[in-house]
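S.K.: missing the sequence, but the structure's below:
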């Protein structure tokens, strides 16, 4: 839930903002809000808005692309979700888009990525997570197999890193 944090809208969002976003981004806005509220019952309106926006911007498109690529590539598509939350901005940045890149390139322990203004926040990065993520990308580049089953639209497999 980090999409609205950089824009400063996390604390100021209202229930009306959540409904407005849902109406603009979802075919069934009430169902989208209800699903997010059920998944995050203690979430503030800003957190719900951010989760809905993140799913609309990244989740739905990624799922469509994975289905299409899987069909076109003969089931040689691999999907992952990165769930490790950054501790930046008092943890409010969350597992936002691009937060996995320091792990992909095995740079998560670099000092410039930590501290008050660092993407990953003040806490140290889990070393085993960087090794696993980087290793999966290397294996995929080398062999076409990151180490988990290929995506099947009928039975989607999504590897989860972190969390």
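M.R.: Sure thing, it's come through. Just so you know, these numbers come straight off a predicted model, no measurement behind them.
S.K.: okay, CA-based contacts and neighbour counts for the rest of this
M.R.: Noted.
S.K.: wait, a helix at residue 142?
M.R.: Yes. The assignment for residue 142 is a helix, going by DSSP: H, G, I helix; E, B strand; the rest coil.
S.K.: residue 123 and residue 132, how far apart?
M.R.: 19 Å (C-alpha to C-alpha, to the nearest Å).
S.K.: these two: who's more crowded?
M.R.: residue 132 (18 against 13; other C-alpha atoms under 10 Å).
S.K.: I'd like to know which elements the host helix or strand of that one is packed against.
M.R.: Following DSSP states H and E, one finds residue 132 within helix 127-143. Helices and strands touching helix 127-143, by 3 or more C-alpha pairs under 8 Å, 6 or more residues apart in numbering; DSSP states H and E, are helix 101-104.
S.K.: show residues contacting the helix it packs on.
M.R.: The contact list for helix 101-104 (C-alpha atoms under 8 Å, 6 or more residues apart in numbering) reads 108, 129-131, 133-134, 137.
S.K.: list the buried ones in that helix?
M.R.: 102-104 (16 or more other C-alpha atoms under 10 Å).
S.K.: just stretch 48-64 next, same as before
M.R.: So, applying 16+ other C-alpha under 10 Å, buried residues of stretch 48-64: 48-56.
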